[in-house]
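# I'd like to go over a predicted model; first the sequence, then the structure.
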There are 2 protein chains.
Amino acid sequence: MPFSKNARPCSGDAMKKTHSPAPQHVEVASVSDATMRRFVGYRMKRAFNVVQEDLARVLKPFELRMLTYTALVLIVDNPGMRQSQLADAMDIERPNLVVLIDELERRELIVRDRVPTDRRAYALKATLAGLRLYDRAVAAVAAHEARLLDGIDQDSIATVLAALKTIENARQGD
Amino acid sequence: MPFSKNARPCSGDAMKKTHSPAPQHVEVASVSDATMRRFVGYRMKRAFNVVQEDLARVLKPFELRMLTYTALVLIVDNPGMRQSQLADAMDIERPNLVVLIDELERRELIVRDRVPTDRRAYALKATLAGLRLYDRAVAAVAAHEARLLDGIDQDSIATVLAALKTIENARQGD
DNA sequence: GAAAATAGATATGAGACATAACAATGATTG
DNA sequence: CAATCATTGTTATGTCTCATATCTATTTTC
């Protein structure tokens, strides 16, 4: 799993790096990502890739991907929700949600009930099978998370969460 | 920009949540992502989406994407590097790197020099234009990072970096 | 020197996104 | 009430990031 997928930035300050006069023919022994490493975003990307990778592995036995997992959780937690609400919550476009819902419905994990007061909309609800899968998947994901965070004390986690929230709220012009 | 793209997991512990007996026809007023919110990975995803979004915006004026930016930085920092080394460093497959390098070469930001000792390989080097773009882009990204992290004290950042490193190293069976 | 490994490239496909356009329905408003 | 406008879900389509399989040229190894 790539880490530069979205990867991240580099170093300090345009860095007065004296681009050393290339000495003819240099064989690069080990690649330096020192410039990139200086950026928090780059570290975030690398760490997040590990999380993603591990999560995908954890969800695989349930035949869930991150998107279908997220959709299932949100539907279980918000029974009766409409597709457009779910798309909003997941921050994806409605067209893309349709195929996710199709998949969950085909597997009979959720149903599309008609909303009586609005015949355009569907009320999404989990089936019993959906609830059962939810329970198992959420437990597995909790274990995955505990495993990844093992070795990080609770204070640090609190600090990380606060920092993440600050970053999330730093979103501008959105 | 979606956050559930890779999104993330939920709550506590399979949660003894008494799936409340669906009261006929509930209109979901506001969507709860409480279960998801309990997971650090989910928060990471949301925060990282903001970073990605902002970074993409910052790189746009330079006509760089995250991948081309990362490649350029690594080539500038590691002159003479081979494509396979770069692919390794970026954690992407060689075929995918080819098109990135093609793009940077077409824009005359880098060159593919032949390695005299191995006629299969290319030694990647930045051109003067590449170096100049590197300087400007790195400066812009540094500013973007400072903006996003504004309000987070240095101690917290250190804690976050340590935590991210722990997570990155938690990668198993890899 | 023949077989195996490696560097780069090509072709192709999957997954996660976005946009445009449409039908059905609902809401507004003249 | 009728005409317009907005919304819900959908289809079609395209982009970007990733992966795999396969190919050619070249080492490297035996």
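Good, I have the coordinates.

# please make it C-alpha for all contacts and neighbour counts, starting now.
Will do.

# quick one: end-to-end distance for stretch A:111-119.
16 Å (CA to CA, to the nearest Å).

# near DNA strand C at all, it?
Yes. Stretch A:111-119 lies within reach of DNA strand C by CA under 7 Å from any atom of the strand, at A:Thr117, A:Asp118, A:Arg119.

# which of those lies closest to chain B?
Using CA to the nearest CA, A:Thr117 comes nearest to chain B of these, at 9.4 Å.

# and the helices in chain A?
A:34-37, A:40-59, A:66-77, A:83-90, A:94-106, A:128-149, A:154-169 (DSSP state H).

# these into CSV, with extra columns for mean neighbour count?
CSV is the format used below for the helices of chain A (neighbours: other CA atoms under 10 Å in any protein chain shown):
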stretch, mean neighbour count
helix A:34-37, 18
helix A:40-59, 22
helix A:66-77, 23
helix A:83-90, 19
helix A:94-106, 15
helix A:128-149, 19
helix A:154-169, 17
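
# okay, the ones you listed in TSV with mean pLDDT and distance to B:Glu168 next?
Output for these, formatted as TSV (pLDDT from 0 to 100; distance: least, CA to CA, whole Å):
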stretch	mean pLDDT	distance to B:Glu168
helix A:34-37	92	13
helix A:40-59	91	4
helix A:66-77	97	19
helix A:83-90	96	26
helix A:94-106	97	30
helix A:128-149	96	9
helix A:154-169	94	15
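
# nearest to B:Ala29, of those?
helix A:83-90 (9.3 Å; CA to CA).

# dump the helices of chain A to CSV, plus distance to chain B.
Shown next, in CSV, are those (distance: least, CA to the nearest CA, whole Å):
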stretch, distance to chain B
helix A:34-37, 7
helix A:40-59, 4
helix A:66-77, 6
helix A:83-90, 5
helix A:94-106, 11
helix A:128-149, 4
helix A:154-169, 4
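
# can you redo the ones you listed as CSV with distance to B:Ala29?
Output for those, formatted as CSV (distance: least, CA to CA, whole Å):
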stretch, distance to B:Ala29
helix A:34-37, 43
helix A:40-59, 30
helix A:66-77, 13
helix A:83-90, 9
helix A:94-106, 18
helix A:128-149, 22
helix A:154-169, 23
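
# flag every buried residue along stretch A:108-121.
A:Leu109, A:Ile110, A:Val111, A:Arg112, A:Arg114, A:Val115, A:Ala121 (16 or more other CA atoms under 10 Å in any protein chain shown).

# list of residues touching it?
A:72, A:82-83, A:104-105, A:122-131, A:133, B:25 (CA atoms under 8 Å, 6 or more residues apart in numbering or on different chains).

# so which of the buried residues of stretch A:108-121 are in strands?
A:Ile110, A:Val111, A:Arg112, A:Arg114, A:Val115, A:Ala121 (DSSP state E).

# check the residues you listed against DNA strand D, which are close?
Checking those against DNA strand D (CA under 7 Å from any atom of the strand), the matches are A:Ala121.

# from the ones in strands among the buried residues of stretch A:108-121, which is closest to DNA strand D?
Nearest to DNA strand D out of these is A:Ala121 (CA to the nearest atom of the strand; 3.4 Å).

# got the helices of chain A as CSV, with distance to DNA strand C columns?
What follows is the helices of chain A, written out as CSV (distance: least, CA to the nearest atom of the strand, whole Å):
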stretch, distance to DNA strand C
helix A:34-37, 21
helix A:40-59, 9
helix A:66-77, 5
helix A:83-90, 8
helix A:94-106, 5
helix A:128-149, 16
helix A:154-169, 16
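
# closest one of the residues of stretch A:111-119 next to DNA strand C to B:Val50?
Nearest to B:Val50 among the residues of stretch A:111-119 next to DNA strand C, with distances taken as CA to CA, is A:Asp118, at 34.5 Å.

# was I right to think A:Ala71 contacts A:Asp88?
No. A:Ala71 lies out of contact with A:Asp88 (CA atoms under 8 Å); the separation is 11.3 Å.

# picking up where we left off before, list just the nearest of the buried residues of stretch A:108-121 to B:Arg94.
A:Leu109 (38.9 Å).

# now the closest one: closest residue in space, sequence neighbours ignored.
Nearest residue to A:Leu109, sequence neighbours excluded (CA to CA, 6 or more residues apart in numbering or on different chains): A:Gly130, at 3.9 Å.

# who are the contact partners of the one you found?
So A:Gly130 contacts A:Leu72, A:Val76, A:Glu108, A:Leu109, A:Ile110 (CA under 8 Å, 6+ apart).

# redo that, cut-off 10 Å
Under the criterion of CA atoms under 10 Å, 6 or more residues apart in numbering or on different chains, the neighbours of A:Gly130 are A:Leu72, A:Val73, A:Ile75, A:Val76, A:Leu104, A:Glu105, A:Arg107, A:Glu108, A:Leu109, A:Ile110, A:Val111, A:Arg136.

# what pLDDT does the model give A:His25?
Listed pLDDT for A:His25 reads 59.

# same check, this time on A:Ala170
84.

# that one contacts B:Asn49, correct?
No. If you go by CA atoms under 10 Å, A:Ala170 and B:Asn49 don't touch, sitting 11.3 Å apart.

# circling back: overlap in contacts of A:Ala71 and A:Asp88?
Contact with both A:Ala71 and A:Asp88 is made by residues A:Leu97, according to CA under 10 Å, 6+ apart.

# redo the residues of stretch A:111-119 next to DNA strand C as JSON lines? Include pLDDT and distance to DNA strand D.
Below are the residues of stretch A:111-119 next to DNA strand C laid out as JSON lines (pLDDT from 0 to 100; distance: CA to the nearest atom of the strand, whole Å):
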{"residue": "A:Thr117", "pLDDT": "92", "distance to DNA strand D": "11"}
{"residue": "A:Asp118", "pLDDT": "94", "distance to DNA strand D": "8"}
{"residue": "A:Arg119", "pLDDT": "94", "distance to DNA strand D": "8"}
